[in-house]
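> sequence-free structure coming up:
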């Protein structure tokens with residue numbers, strides 16, 4: 001197994017490489033990281049602390065509809081949080097695609113999808129602003145569409161209730177909200193991140209925050225290695 005990882009200003013990815021028992025090639029070039037992944041020279045790639053724009057741009061040239069979902073753990077409960085790319089999940093169609101890809105990923109991991117839809121307020125907040133009303137309406141519509149495929153519930157703004165109920169695919173109102181939730185849970189709070197799985201692509205690419213520590217990068221490397229083994233086993 002040969003993985004590739006990006007190393008920018010945050011050198012913690014180099015320390016993380018020393019914690020795993022498989023080959024990890026480090027590069028400080030976004031283009032080289034993308035090339036290693038897309039040509040198959042690497043079995044999987046981890047963004048590490050490189051900038052996202054160049055790498056994601058290369059991947060979107062091949063997969064325009066791809067998206068990312070962070071695999072997180074809080075108090076022993078693992079779940080996907082999406083969208084987390086600030087430019088992702090802006091339309092209903094994009095959100096439905098994220099849920100579909102995320103649910104398929106969970107099933108490959110041996111988990112039964114349980115979807116939690118978030119919106120911008122509680123039920124009684126309707127009428128306080130047009131933005132809140134639109135968010136509530138969209139979440140209700142998404143719930144109605146998804147319920148024929150997967151267990152789903154609209155938790156409004158109450159992410160704490162979604163996690164308490166065991167939801168393992170949390171859909172934020174948009175990518176900006178998702179990114180803020182991720183940062184609050186992981187970079188400020190005590191949540192664990194395994195990196196963001198890139199959905200809707202054939203290759204295995206784990207996106208990571210440039211602010212992640214050694215332990216977080218180590219978890220991302222191990223997740224990528226696990227997904228490579230899972231893919232090879234199912235071939």
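Arrived safely. As the structure is a computational prediction, the values presented were derived from the model and not from experiment.
> the strands in this structure, which residues?
Along the chain, the stretches classed as strands by DSSP state E are 2-6, 23-27, 44-46, 67-74, 77-82, 115-118, 152-156, 169-171, 192-199, 205-207.
> looking at these, which is closest to residue 230?
Set against residue 230 and scored by C-beta to C-beta, the strands of the chain come closest in strand 44-46, at 11.0 Å. In this view, the C-beta of every residue, glycine as well, is placed from N, C-alpha and C.
> need the residues that contact the helix-or-strand element of the chain with minimal mean pLDDT.
In the chain, no helix or strand scores lower on mean pLDDT, DSSP states H and E than helix 52-62, which sits at a mean of 89. Contacting residues not belonging to helix 52-62 are listed as 6, 30-31, 33-34, 38, 47, 66, 85, 198, 201, 205, 207 [C-beta atoms under 8 Å, 6 or more residues apart in numbering].
> gap between residue 109 and residue 99?
The spacing between residue 109 and residue 99, counted by C-beta to C-beta, to the nearest Å, is 16 Å.
> which one's more surrounded, the two?
residue 99 (25 against 15; other C-beta atoms under 10 Å).
> list the residues that contact the more buried one.
So residue 99 contacts 115, 142, 146, 150, 169, 171 (C-beta under 8 Å, 6+ apart).
> distance of it relative to residue 2?
32 Å.
> do residue 145 as well
Distance of residue 145 to residue 2, given as C-beta to C-beta: 41 Å.
> try residue 87
Using C-beta to C-beta, one gets 30 Å for the distance from residue 87 to residue 2.
> before we move on, what about residue 175?
Distance from residue 175 to residue 2, by C-beta to C-beta: 31 Å.
> between these two, which one's more packed in?
Taking neighbours as other C-beta under 10 Å, residue 175 and residue 2 compare with residue 175 leading, 21 against 14.
> quick check: that one touching residue 95?
No. Counting by C-beta atoms under 8 Å, residue 175 stays clear of residue 95, with 10.1 Å between them.
> touching both of those two, which residues are there?
Going by C-beta under 8 Å, 6+ apart, residues that sit against residue 175 and also against residue 95 are 83, 89.
> what residue is smack in the middle of the protein?
For the chain, the residue nearest the mean C-alpha position is residue 69 (1.7 Å; C-alpha atoms, centre = their mean).
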